[in-house]
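**Q** what's the 3D shape of this:
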Amino acid sequence: MKKSMNRVRAKENGAAVYAPESPCARGHLLRSTSGGTCIECRRLTEIIRYQKNPQKTKERTAKKYQANAETIRAKRKTSYVLNCATEKAIAKIRSAEWRLKNPNHIGTKEAKARYKIENPGKVLADTVKRRSQKMQRTPAWLTKDDFWMIEQAYELAVLRTRLFGFAWHVDHVIPLQGKLVSGLHVPNNLQVIPWRDNVAKANKYLPA
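**A** Numbering: from 1, shown residues only. Model (predicted):
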């Protein structure tokens with residue numbers, strides 16, 4: 001397997017995560033510097049493990065944290081600062097590359113903001129439609145733990161947005177309103193990804 005130079009540089013800089021030269025099979029863009037594993041895939045694995053045995057997962061997490069509380073807090077604080085700077089730099093590079101490839105697509109944010117002001121009715125209708133679709137795709141059999149995990153996904157998106165300096169979205173792996181197949185609003189159908197990847201994905205289902 002070809003060695004990732006981005007991972008090598010991330011190790012040299014002491015960063016906990018890095019952006020590989022190519023995404024994983026599921027399209028995720030961040031990997032762990034120490035093990036080279038995909039951050040988002042690992043999170044999905046943890047969700048599945050939690051669903052199989054919630055109590056055991058909670059006990060194991062609490063035990064691990066109690067044994068290494070100080071080390072974990074110090075490591076998180078350091079890695080957050082480094083990752084924030086790294087992700088900002090990556091975002092700027094991607095933005096510049098995108099602008100070079102799309103020279104005629106100028107003022108996107110301004111155009112969207114102007115559209116919202118000029119078409120409040122359409123925006124509201126789309127919002128209500130989206131909310132309605134989400135309610136219809138939320139199964140009645142979800143448990144209290146399932147709803148907690150869904151809330152955690154949105155809190156993670158807010159946290160990453162604050163830490164990395166650019167927006168992260170909670171995306172449905174299988175879209176709620178897909179053309180070929182529609183998914184459910186359930187924990188194992190959610191992934192937290194950068195906004196640019198979510199916008200590019202749109203309503204498409206991208207199987208691994």
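**Q** what residues does the nearest residue to E46 once chain neighbours are set aside make contact with?
**A** Ranked by Cβ to Cβ, 6 or more residues apart in numbering and with sequence neighbours excluded, the top spatial neighbour of E46 is T57, at 7.6 Å. C-betas here are computed from N, CA, C, even on glycine. Applying Cβ atoms under 8 Å, 6 or more residues apart in numbering to T57 gives the contacts 46, 49-50.
**Q** and what of P139?
**A** P139 is in contact with 184-186, counting by Cβ under 8 Å, 6+ apart.
**Q** how is the chain carved up into domains?
**A** 5-106+137-201, 107-136 (automatic domain parsing).
**Q** comparing these by mean pLDDT, which bottoms out?
**A** Out of the domains of the chain, the stretch the model trusts least by mean pLDDT is domain 107-136, with a mean of 72.
**Q** what separation is there between T45 and H185?
**A** 20 Å (Cβ to Cβ, to the nearest Å).
**Q** the two: which is more packed in?
**A** For T45 versus H185, the count of surrounding residues by other Cβ atoms under 10 Å is larger for H185: 18 against 12.
**Q** just confirm the more buried one contacts I150, I think it does.
**A** Yes: assessed by Cβ atoms under 8 Å, H185 is found in contact with I150 at 7.4 Å.
**Q** give me the phi and psi angles of the residue lying farthest from the centre of the chain.
**A** Note on the chain: the largest separation between a C-alpha and the mean C-alpha position, by Cα atoms, centre = their mean, falls on E118 (30.8 Å). Dihedral pair for E118: phi -80, psi -20, per degrees, to the nearest 10.
**Q** next up, the contacts around it.
**A** When contacts are counted by Cβ under 8 Å, 6+ apart, E118 is found next to no other residue.
**Q** what's the spacing between the strand or helix carrying A113 and its chain's center?
**A** Here A113 sits within helix 108-118, counting by DSSP states H and E. Once both centres are worked out by Cα atoms, centre = their mean, to the nearest Å, helix 108-118 turns out to sit 25 Å from its chain's centre.
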